[in-house]
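**Q** What would the 3D arrangement of this be:
(chains A and B)
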There are 2 protein chains.
Amino acid sequence: MNFQFEIIAAASGTQARAGIFHTPHGPIPTPIFAPVGTQATVKALKPDDLHRLGASLVLSNTYHLYLRPGDELVRDLGGLHRFMGWDGPILTDSGGFQVFSLGGLRKIDQDGVTFKSHIDGSSHRFTPERSIAIQENLGADIIMAFDECPPPNDYAYVKQSLNRTHPWLERCIQAKTRPDQALFGIVQGGIFPDLREVSARFMLDLNLPGYAIGGLAVGETKEQMAAMLDILAPILPWEKPRYLMGVGAPEDLVNGILRGVDMFDCVLPTRLARHGAALVLGGRLNLNNAQYSRDPAPLAADCPCYTCTHFSRAYIRHLVKADEILAHVLLTLHNVHFLLELVRTLRQAIIEGTVAEVAAAFLAHYPGVSSDEGNRDKG
Amino acid sequence: MNFQFEIIAAASGTQARAGIFHTPHGPIPTPIFAPVGTQATVKALKPDDLHRLGASLVLSNTYHLYLRPGDELVRDLGGLHRFMGWDGPILTDSGGFQVFSLGGLRKIDQDGVTFKSHIDGSSHRFTPERSIAIQENLGADIIMAFDECPPPNDYAYVKQSLNRTHPWLERCIQAKTRPDQALFGIVQGGIFPDLREVSARFMLDLNLPGYAIGGLAVGETKEQMAAMLDILAPILPWEKPRYLMGVGAPEDLVNGILRGVDMFDCVLPTRLARHGAALVLGGRLNLNNAQYSRDPAPLAADCPCYTCTHFSRAYIRHLVKADEILAHVLLTLHNVHFLLELVRTLRQAIIEGTVAEVAAAFLAHYPGVSSDEGNRDKG
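**A** Residues are numbered from 1 along each chain as shown, chains lettered A, B, ... in the order given. The predicted structure follows:
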């Protein structure tokens, strides 16, 4: 049963589907949005808050946990689930993306990457084998292949990069030993249809339990992202889950689901909260703005989240201005609820055969987040 | 029924008593420890966290809320209970203590105090009438008389200060208009038995619904604090609640309860949490200490709080080192639980007639907190 992907409904006229991905820590209803717990905590939320929000999958970052507190320490304390008190499914990335975006003075070769810690400048080396060993120590349900995330617009570089990333995937498969973890491959290829197709077809032959789409939400336009998803939809196997990495802007979730994506993750809801902003239909609220100082309304009308059923914009603005921790907590609760509820609504609409209409109605009223803000974060 | 104080048990051989103080927002079982929500939030905790901890009374600071977001704003948004989403009893202090400890360049005269905001340096003036008007705008269940908190060791100054504080109390009583708020007087007098007695006897004639003991936990020794409580116990009316302001070190709660104190408040549990420390039997844990980096034990063995039933010292230390908000949340939950549970245990022991033994057993195993750390904080 583990890592079986059941598709329970598909929406005619789109690529959207609703399913269940089974993991050792429980079923993941798909489509799913995964909040990010970079350092083994979804910032400002307790696991019981996440359960109450209905979160089912949480992402954590291999690069960060390897550096601090160390993957062997996490293993010795019973693994990441027990360490962070989260008994639901967890996904870890490979560390590749952070090595390239956060690690200093990196040197890449055919075997791996040498980089410096962003914490103390110490030197470290990741290889495919090392990434898998670390992820096995952490013990997530879903682990990712070690890959390079190249600049998406440089054709020559992206093509050459595939010649590293693909052998690295084969080495990850060889290195993997735990049967209770699903290893996903990551399709790269930048914004180039032919390279995306090459990368996808290479992976199909390896018969993996799931496929990620990497190297998007890193600076390309939303049209380019959509084009890549349109190219991949008919190539990737229908019966395997598809995970669009680092994507979480509301309109990107809608467009991704319509194009057959099953899984998403993004720091957007937690990061916006730290900046004093709330995701709402029609855009977002910046609670730093003085216009909310006497506003008795909740962040979002009719929102059933804990924050909106108990507190006014005026109160949350007060907390933001007073630099109170509760501002982060309440805004994070609302923002994570917003994205989880959006995806739940779309899942239900897929099951009921109304996803095209529901998606169109949402997109008509949602002006979108500027592309840089919706983009993949360094963690 | 409002502001009626029912004494349901008294412990022979000590001054300890267990009771219920009735307020418009519900009954307060006494003895009670009140967590402090300086800026209309108990730092890092949601109201539902406080409810789950069994908190019944929360303190908030008039000085802080007057400056930000402003008491009239709080009034216009329905009062402090609604503003902060806390439907239980609230106590506000008068602002006096913070004016003297935080306000810059203060000038005191017989009519009131002029001071500068610690936020922006702007000039403000508090008088007894102004303090009551602000506290009426905030709308707490229990409000405090505006007083001067003098240096406790200067006899001449403390004596002169009573000549301001006592007329100010009479003016507060005159200024008060809301029948749904209980105004407590504050006994001052530093560490001097004769001045404490003068102050207490002055207040008795005013027949107030409760009496606070101010000007302690500000630098005197624990023996001096105990001596003042011993002097006041037979003077203050048995049938009215007694509130020892700014006190929250575990051994001070125990000693205060044995001397007849019914109410306490302190920033200690929230402040220690921000410093990465946990209150435990036998002292405290500093999670910054490397010795906890691989410790799988909970903060306190057998502690039933959410933190201790879900997380290891190693995890909480990781959160502290990684500067994660969840460190504050989990440590605050535990520390507030520790003090609430200590007071609940003593209350039950008063009812069961075992408080002397329970208190002695606790004090024998608790080395205490150094007096500076247990002391009243500026907020």
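**Q** from here on, contacts and neighbour counts on C-alpha atoms
**A** Fine.
**Q** and the residue nearest in space to the middle of chain A, what are its phi and psi?
**A** Among the residues of chain A, the one closest to the centroid is A:Asp265, at 1.6 Å (Cα atoms, centre = their mean). Backbone torsions for A:Asp265, taken as degrees, to the nearest 10, come to phi -150, psi 150.
**Q** any idea how far A:Gly78 is from A:Leu138?
**A** The gap separating A:Leu138 from A:Gly78 is 9 Å, by Cα to Cα, to the nearest Å.
**Q** Check A:Ile119 too.
**A** Here the distance between A:Ile119 and A:Gly78 works out to 25 Å (Cα to Cα).
**Q** More neighbours: which of the two?
**A** Taking other Cα atoms under 10 Å in any protein chain shown, A:Ile119 and A:Gly78 do not tie; A:Gly78 has more neighbours (15 against 12).
**Q** my read: A:Phe264 touches A:Met245, true?
**A** Yes: if you go by Cα atoms under 8 Å, A:Phe264 and A:Met245 touch, sitting 6.0 Å apart.
**Q** who's more crowded, those two?
**A** Higher neighbour count among A:Phe264 and A:Met245: A:Phe264, with 27 against 19, using other Cα under 10 Å.
**Q** Do you know the pLDDT at A:Gly374?
**A** A:Gly374 is assigned a predicted lDDT (pLDDT) of 43.
**Q** try A:Gly368
**A** Reading off the model, A:Gly368 has pLDDT 55.
**Q** same check, this time on A:Thr354
**A** If you check A:Thr354, the pLDDT there is 97.
**Q** count of residues packed around it?
**A** A:Thr354: 15 neighbours (other Cα under 10 Å).
**Q** residue contacts, the closest residue to it other than its chain neighbours?
**A** Closest residue to A:Thr354 apart from its sequence neighbours, by Cα to Cα, 6 or more residues apart in numbering or on different chains: A:Ala11 at 7.9 Å. Neighbour list for A:Ala11: A:Arg17, A:Ile350, A:Ile351, A:Gly353, A:Thr354, A:Val355 [criterion: Cα atoms under 8 Å, 6 or more residues apart in numbering or on different chains].
**Q** just A:Leu299 next, same as before
**A** A:Ala278, A:Val280, A:Leu285, A:Thr307, A:Cys308, A:Ser312, A:Arg313.
**Q** distance of it from A:Glu220?
**A** 31 Å.
**Q** can you check A:His337 too?
**A** From A:His337 to A:Glu220 the distance is 27 Å (Cα to Cα).
**Q** between these two, who's got more neighbours?
**A** More neighbours surround A:His337 than the other of A:His337 and A:Glu220, with 25 against 18 (other Cα under 10 Å).
**Q** Name the nearest residue to the more buried one, ignoring sequence neighbours.
**A** Using Cα to Cα, 6+ apart, the nearest residue to A:His337 is A:Leu53, at 6.0 Å.
**Q** is it true that that neighbour touches A:Leu339?
**A** No: between A:Leu53 and A:Leu339 there is no contact under Cα under 8 Å: 10.4 Å.
**Q** Have a look at chain A and report its longest helix.
**A** Using DSSP state H, we find that the single longest helix of chain A is helix A:325-352.
**Q** And it, what's buried?
**A** Residues A:325-351 are the ones in helix A:325-352 that count as buried (16 or more other Cα atoms under 10 Å in any protein chain shown).
**Q** Show me the shaky parts of chain A.
**A** By pLDDT under 70, the weakly predicted segments of chain A are A:367-379.
**Q** The contacts of A:Leu299: which ones sit near chain B?
**A** By Cα under 8 Å from any Cα of the partner chain, the members of the contacts of A:Leu299 lying near chain B are A:Ser312.
**Q** By neighbour count, which of the contacts of A:Leu299 wins?
**A** A:Ala278 (27 neighbours).
**Q** Sheet partners, orientation included, of the helix or strand containing that residue?
**A** Assessed by DSSP states H and E, A:Ala278 sits inside strand A:277-280. As defined by DSSP bridges, the strand partners of strand A:277-280 come to strand A:283-286 (antiparallel).
**Q** For the strand it pairs with, what is the distance to the chain centroid?
**A** Taking Cα atoms, centre = their mean, to the nearest Å, one finds strand A:283-286 lying 22 Å from the centre of the chain it belongs to.
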